[in-house]
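Q: structure for this input, please:
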Amino acid sequence: MEKRVLVLNMDHSPVSVVSAQKAIVLCLMEKANCLSTYELLQIRTVSRSFEYPAVIRLNEYKNIPYKGVMLTRINVFKRDKAQCLYCGSTKNLTLDHVIPKSKGGKSNWTNLATACHRCNVKKGDKSPEEVGMKLQRVPFKPSLAHFLADYAESNAQEWMPFLAAKVIT
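A: All right, here's what the predicted structure looks like:
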């Protein structure tokens with residue numbers, strides 16, 4: 001599996017994730033600097049070898065309009081770590097509107113929660129308080145850094161020092 005490279009803007013805010021090839025090209029063209037590498041990994045060509053970049057920083061600040069994290073079923077499951085926010089189950093997961101749509105609840109980050117089928121049916125068309133259920137964690141709108149840190153925990157520990165200050169939960 002090819003390792004991915006975290007791209008930081010000049011102010012160290014995360015911008016994107018790119019391939020190692022793209023990262024090396026940016027560094028060779030002096031558009032970015034390598035801040036961290038993957039230990040024991042190298043990229044070799046016929047005449048040269050390069051350390052495998054893990055994190056690069058752009059040399060010029062790029063004004064990138066904030067798009068946020070897209071509200072999708074999969075992203076809600078990722079935010080909630082694929083667990084029911086009512087009972088903690090990881091089986092038969094669905095989406096639940098904390099405040100039901102029939103009572104004015106919107107489909108947004110702070111009103112959608114991952115719920116198992118059993119809890120979703122039990123809650124039905126009522127608020128959690130009305131049926132005596134309690135959310136284990138309050139739903140929140142995640143940042144790009146939150147998702148990148150989640151990815152980094154299992155795939156790229158080298159990113160963590162650059163994301164730790166940016167993650168707000």
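Q: quick check, residue 25 in a helix?
A: Yes - the assignment for residue 25, made by DSSP: H, G, I helix; E, B strand; the rest coil, places it in a helix.
Q: how many other residues sit next to it?
A: Applying other Cβ atoms under 10 Å, we find 13 residues neighbouring residue 25. Yep, even glycine has a C-beta here, placed from its N, CA and C like the rest.
Q: per-residue confidence at it?
A: Residue 25 is assigned 93 on the pLDDT scale.
Q: now do residue 154
A: Turning to residue 154, the model gives it a pLDDT of 65.
Q: same question for residue 146.
A: Residue 146 carries a pLDDT value of 77.
Q: equivalent analysis for residue 63, please.
A: Here, the pLDDT recorded for residue 63 equals 89.
Q: any idea how far residue 11 is from it?
A: Using Cβ to Cβ, to the nearest Å, residue 63 is found at 11 Å from residue 11.
Q: between those two, which one's more packed in?
A: Taking other Cβ under 10 Å, residue 63 and residue 11 do not tie; residue 11 has more neighbours (9 against 5).
Q: against residue 18, how distant is the more buried one?
A: Here residue 11 is placed at a distance of 18 Å from residue 18 (Cβ to Cβ).
Q: those strands in this structure, which residues are they?
A: 4-8, 14-19, 32-44, 49-58, 93-97, 112-116 (DSSP state E).
Q: redo these as CSV? Include distance to residue 128 and mean pLDDT.
A: Shown next, in CSV, are the strands of the chain (distance: least, Cβ to Cβ, whole Å; pLDDT from 0 to 100):
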stretch, distance to residue 128, mean pLDDT
strand 4-8, 37, 92
strand 14-19, 33, 88
strand 32-44, 43, 90
strand 49-58, 41, 92
strand 93-97, 9, 96
strand 112-116, 9, 97
